[in-house]
Every structure is written in structure tokens, then in C-alpha cells.
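Undergrad: Below: sequence and its predicted model.
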Amino acid sequence: MLLHRAWDRTLAGEAQAKPWPWADTWPVARLKLPAVDADLIVLAGASGQALAFGPGHVSGTAAPGRPGLSIIGGHRDTHLKVLAELAPGSRIEIQRPDGETRVYRVETTSIADARHPWAAPVEADGLVLVTCYPFDALIPGGPLRYLVHAAPVE
């Protein structure tokens, strides 16, 4: 509820609307995954502190819902566990702080090894949702990552 209130303040024009006074993060987008009935507030940064409360926007990538490649990460056993259920063709909606919504469609999914750097093409325009893999791992923190690759719907 606090994250959604902070998002409402963001939509009203407040910059870096912290959900509680001591928060070290703030909402930067709203992520909707209609196929799995998920409605999540995306937070600034992908630090452990931010990811404890919701998915986080990876610094240095395009702002969610803007042209360029945006990467959003989250935990496999909480906020982004629904990624296991997304299939190619699934709709993804990103609402930006200006209130506009950009729609994406899932193109593919893949598994990557975090020990091997991945570089996206500089001219890429899309969205990558990432979480740890496998989803049912008993020991957290392994090197594998599950990626959902989505392209904007024009």
C-alpha cells in the first residue's frame, strides 16, 4: 500500500517520492503483467534493500517505458516469481511517471549465467525482466538468471 501511495505521488509530479521517510529508493514505474494478474511498483535501483520491497530498475539502462533497453530485476521467490508463467506473446505494460503507458510483448525467454557478462546491442529498444533461476532452487543466490525479453508494441 505504501508503494502504491508513493506511485500516486509520483504521478502527481513529486520527484523521488519515498514510500516511507527512511527509504533509500522510490517508485520509477508501474509494471503490469495482465496474463498473470501482476501489478507491481518498480523501484529505483536493484540493490538488496530495494529488491526486498519490489522489482528494481537496473541503473545505467533506459528508464522503464522509454526508448532504449530497460532492465528490471527482482527476486524469484517473491515479486518476479510470476515470470515462470509468462509465455511468448504475453502483454507487459509499463506506466511511466508522466502517466503514459508503453506496451511490450514477450518475444522469448532465456537462461543466462551471471558469471559471464551479457552486453545488449547499443541500439536495442525493449525490456528485459530478470530473476534468479531455477525458480524452485533450495539454496538462493546461484549464478543462473531467467530473462524475459520483450519488444515494444508500436
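TA: Noted; the coordinates are in hand.
Undergrad: Can you give me the buried ones in the helix or strand bottoming out on mean pLDDT in the chain?
TA: In the chain, no helix or strand scores lower on mean pLDDT, DSSP states H and E than helix 48-51, which sits at a mean of 78. Neighbour-count burial for helix 48-51 flags 50-51 (criterion: 16 or more other CB atoms under 10 Å). Placement of C-beta: from N, CA and C, glycine included.
Undergrad: Over to stretch 50-69?
TA: 50-51, 53-58, 61-62, 64-65, 69.
Undergrad: And these, which two are furthest apart?
TA: Phe53 and Leu69 (24.0 Å; CB to CB).
Undergrad: Can you show me the helices along this protein?
TA: 2-11, 48-51 (DSSP state H).
Undergrad: any residues touching the first one, and which ones?
TA: By CB atoms under 8 Å, 6 or more residues apart in numbering, the surrounding residues in contact with helix 2-11 are 17-20, 26-28, 30, 41, 43, 53-54, 97, 99.
Undergrad: so how far is that helix from its chain's centroid?
TA: Relative to the chain's own centre, helix 2-11 is displaced by 17 Å; criterion: CA atoms, centre = their mean, to the nearest Å.
Undergrad: and what of the last one?
TA: Between the mean C-alpha point of helix 48-51 and the mean C-alpha point of its chain there is a distance of 13 Å (CA atoms, centre = their mean).
Undergrad: Send me the longest strand seen in the chain as PDB with only the CA atoms.
TA: In terms of residue count, the longest strand belonging to the chain (DSSP state E) is strand 101-113. Provided in PDB are the C-alpha atoms of strand 101-113 (Å, rounded to 0.1, in the frame of the first residue of the first chain):
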ATOM      1  CA  THR A 101       1.900   3.600 -20.700                       C
ATOM      2  CA  ARG A 102       4.200   1.800 -23.100                       C
ATOM      3  CA  VAL A 103       3.100  -1.700 -24.100                       C
ATOM      4  CA  TYR A 104       5.500  -4.600 -24.800                       C
ATOM      5  CA  ARG A 105       5.100  -8.200 -25.900                       C
ATOM      6  CA  VAL A 106       7.200 -11.100 -24.700                       C
ATOM      7  CA  GLU A 107       9.300 -12.400 -27.500                       C
ATOM      8  CA  THR A 108      11.500 -15.000 -25.900                       C
ATOM      9  CA  THR A 109      12.800 -16.200 -22.600                       C
ATOM     10  CA  SER A 110      16.400 -17.400 -21.900                       C
ATOM     11  CA  ILE A 111      18.700 -18.500 -19.100                       C
ATOM     12  CA  ALA A 112      22.000 -16.700 -18.600                       C
ATOM     13  CA  ASP A 113      24.900 -17.300 -16.300                       C
END
